[in-house]
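Visitor: Below is the sequence, then the predicted model.
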Amino acid sequence: MDRSSTAVSPPFDVAIVGLGPAGATLANLCGSWGLRTVVFERSRAPYPQPRACHLDAEIARIFQHLGFEDDLHELLTASAGMEYVDAGGRSLFTFEGFEREPLLGWHEDYVFVQPEIDAMLRAGLEQYQHVSVRLGCESPGADELRSIARYVVACDGANSMIREEIGVDLIDLGFDERWFVVDVMLHDAAVPVLPTIIQQVCDRRRLTTFVPSHGMHRRWEFRLTGDELVPDVWRLLAPWGINAANADLVRATVYRFHALMAARWREGDIFLAGDAAHQMPPFMGQGMCSGIRDAANLAWKLAEVVHDGADPALLDTYETERRGHVAAVTALSIDAGKLLARLAIDPAAHPEPDPPDPQRWSRLPGLELGGEFPVGHQLPQPNRLDESLPDGWVWVAAGHTFDSPDHLPVVVEPRATYGHQAVLVRPDRYIAAVVT
């Protein structure tokens, strides 16, 4: 039920449960759109240990929109690529193009240390007087949240209490493995010599992922077999030349990598986002990115309904647009994990990698506006184009002769129209229509 017509307005437009990356990004976006927002987060400080470690150009662009560009230059390292190698370290095939000329204004892939990104997002909320952040505070239940906010967004993680309370089940997408995740901080980045790109090690004795993260941080993920007990950390790291003399152990914990999707992402005026709505294995580094895309898709739609009187049915497009994309990315992540195991058995069984595609994570399978390419794709961003665009809908034209058919503003940038006369751009920088 949408309560837009109730006589007494609640004190907040949006209540957000959870201040992880998805919730914190959503809170910043709601703040930027002028939505009266309250956030409930039970922890007083960001989780101190690294979890997510990869983001892509679209996520960097969202952070740019929020004013974090200077921070990102200090907090991100452009990824040099990813390769699958055999047990002896011989390259089987490589995903290249990670550092190509960026179409969206940023490199295609970055690595980072999550507590630093979390701190950046929390600090960003301080500029919004209309955003109330309640740290160290357990979230009220669904009914109370409905009484204080017109809309509620549950970003409260994989074990979401709000999802459980509103009776939404999780659908198992058929992947479940135990992995041992180890993070270290090197004393000296050059000692020992480690790969400079992400490696998927196809060793039948122990499938392994290595991530050269930001700064001196390095990560390994080791698959566990059956009911295997937690192995000795330093014994696992020894073949890589890592020991207590040249690195400090930051984290060593067992994770269950699985693929789950909420049966529905909306129950009346309550929405699910981030891990509360979907979980995927980490092999493509898209778990956190998917949650941030949720936030970017939903925030402007909430603003149009609350501020501009848009039909509340606009909010139904949140799930129709995001669900298909998340399902596709989850399937890719599952395939990447299965490929790791398959190559461990037969190193010759690798596929030909797809050509580099800087928008591979940004497709919107559910966005059906009847248009032709590039509808559903992100607007290119040459020379930080976003800084010249208004916050709302805008036409981007190839030349000054284009007249707006609907009185929307027009910005001229021929490098961003994919050869068309003009493209209509949504507030989230996706192209909604073209004029040929």
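Guide: Happy to help now that I have it.

Visitor: Check the spacing between the spatially most central residue of the chain and residue 142 real quick.
Guide: The residue lying closest to the centre of the chain (C-alpha atoms, centre = their mean) is residue 289, at 1.0 Å. For residue 289, the distance to residue 142 equals 27 Å [C-beta to C-beta, to the nearest Å]. To be clear about C-beta, it is placed using only N, CA and C from the backbone, and glycine gets the same treatment.

Visitor: Then residue 89?
Guide: Distance from residue 89 to residue 142, by C-beta to C-beta: 52 Å.

Visitor: And for residue 306?
Guide: 20 Å.

Visitor: so is the nearest residue to residue 301 once chain neighbours are set aside in a helix, a strand, or just coil?
Guide: Among residues not flanking residue 301 along the chain, residue 314 sits closest, at 5.2 Å (C-beta to C-beta, 6 or more residues apart in numbering). When classified by DSSP: H, G, I helix; E, B strand; the rest coil, residue 314 comes out as helix.

Visitor: Beyond the helix or strand containing residue 297, next helix or strand please.
Guide: Element membership of residue 297, judged by DSSP states H and E, is helix 287-308. Following helix 287-308 in sequence order, the next helix or strand is helix 316-345 (DSSP H and E).

Visitor: tell me what the helix or strand that that next one is followed by is packed against?
Guide: Going down the chain from helix 316-345, the next helix or strand is strand 394-397, by DSSP H and E. Judged by 3 or more C-beta pairs under 8 Å, 6 or more residues apart in numbering; DSSP states H and E, the packing partners of strand 394-397 are strand 410-412, strand 422-425.

Visitor: low-scoring stretches of the stretch 151-300 of the chain, by residue?
Guide: Counting by pLDDT under 70, the stretch 151-300 of the chain has no low-confidence residues at all.

Visitor: where along it do the helices fall?
Guide: Secondary structure of the stretch 151-300 of the chain (DSSP state H, counting those that start in this stretch): helices at 161-165, 233-237, 287-308.

Visitor: Select, out of those, the one closest to residue 152.
Guide: helix 161-165 (7.3 Å; C-beta to C-beta).

Visitor: Run the chain-centre distance for that closest one.
Guide: Its chain's average C-alpha position is 22 Å from that of helix 161-165, according to C-alpha atoms, centre = their mean, to the nearest Å.

Visitor: hmm, back to that, hey, which of the helices of the stretch 151-300 of the chain is tucked in deepest?
Guide: helix 287-308 (a mean of 23; mean count of other C-beta atoms under 10 Å).

Visitor: re earlier: hmm, the residue nearest to the centre of the chain is touching residue 54, no?
Guide: Yes - between residue 289 and residue 54 a contact is recorded at 7.4 Å, counting by C-beta atoms under 8 Å.

Visitor: Now do stretch 130-146: distance from first to last residue.
Guide: End-to-end distance of stretch 130-146: 18 Å, with C-alpha to C-alpha, to the nearest Å as the criterion.

Visitor: Just grab the bridge partners of residue 198 for me.
Guide: When assigned by DSSP bridges, residue 198 has beta-bridge partners residue 82.

Visitor: No further queries at this time; thank you.
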